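Undergrad: below are the sequence and a predicted model; questions follow.
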Amino acid sequence: MTDVFDRVNAVSATASLWPDEPLAGSGFSGDLGLSPQMPSYTVARTQLLTSIRRLRNAAQLVKVDDGWGTHLLMLRPALVLAAKAAWIVRPDRSDERVSRSLGVLLNDQRRGAKAMRDAVSQGAMPEFGEVASKFDRSYNSLADLVSVTPEKQPGDEKLIRALGGDVNSYYGIDDASSDMQLLWNASSSLAHGETWFSLLSGGLQRKPLAEIFTARSFDTVCSGINTTSLRILQLATFPPAGAQPPAAT
């Protein structure tokens, strides 16, 4: 696991190269020109930086987990957040990136409002309903910010499959998608109260499999973060694909 922890510690290296603001003439600067109120650069960065924090939290849990798979539950949001950031920055066109950024933020507000209302309908304090109303107001404010139509965020599994494709293409491998799917299935199982990972972790014969599973799960999340981070860096510092150089004077 030493190599895994080393990679977790190094995964934010590319993120440290991101400029505070997109450079003039870069792809992200075009997004900002399309909609100053909906900076896709900020949305994508926030998603990926939060993913990195969840990744580090998961690495800390491995040391105290006792084989119950709690670290996989923390890797789950790390994977999804990286996949959402990748979905935002994958297109070459500014309007598509802005549309996807808006879609991600609206989806978050919509699901927050639903969670609060569901709680109130089951007898939670009325204050949760007030929070739901705040989510609604935020949703409406976001929807009014830009003229670009928000693109509906795909489901988590579809996002993860696409991220696996990015990793496979970048590294020239073919197992990132399967590793991500296995992590997704395992974390879903654990989130639903199943305990099969504890059985996998016990015994001299099974324990090495659990360690391999854990190592590959961390590795594939790191790879997804890395490829997405490089794409963000590209869009923040280089002209968009097909852009013409300025005319000589």
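TA: Cool, the structure landed.
Undergrad: make it CA atoms for all contacts and neighbour counts henceforth
TA: Will do.
Undergrad: element containing the spatially most central residue of the chain, please.
TA: Closest to where the C-alpha atoms of the chain average out (CA atoms, centre = their mean) is residue 81, at 1.7 Å. For residue 81, the element it lies in under DSSP states H and E is helix 70-89.
Undergrad: which strands and helices sit next to that helix?
TA: Helices and strands touching helix 70-89, by 3 or more CA pairs under 8 Å, 6 or more residues apart in numbering; DSSP states H and E, are helix 40-62, helix 94-121, helix 156-171, helix 176-191, helix 207-237.
Undergrad: what residues sit buried inside the second one?
TA: Within helix 94-121, the residues scored as buried using 16 or more other CA atoms under 10 Å are 94-107, 109, 112-113, 116-117, 120.
Undergrad: and the lowest-mean-pLDDT helix or strand in the chain, how far from the chain's centre?
TA: When the helices and strands of the chain are compared on mean pLDDT, DSSP states H and E, helix 196-201 comes out lowest with a mean of 77. The chain centre lies 27 Å from the centre of helix 196-201; the measure is CA atoms, centre = their mean, to the nearest Å.
Undergrad: so what does it touch, helix or strand wise?
TA: With contacts taken as 3+ CA pairs under 8 Å, 6+ apart, helix 196-201 sits against helix 207-237.
Undergrad: other SSEs contacting the helix it packs on?
TA: Against helix 207-237 (3+ CA pairs under 8 Å, 6+ apart) you get helix 2-10, helix 27-34, helix 40-62, helix 70-89, helix 156-171, helix 176-191, helix 196-201.
Undergrad: quick one: which of these is nearest residue 240?
TA: Ranking those by proximity to residue 240 (CA to CA) places helix 27-34 first, at 4.5 Å.
Undergrad: distance between that closest one and the chain's centre?
TA: With CA atoms, centre = their mean, you get 21 Å for helix 27-34.
Undergrad: could you do stretch 32-48 as well?
TA: Worked out by CA atoms, centre = their mean, stretch 32-48 lies 15 Å from the chain centre.
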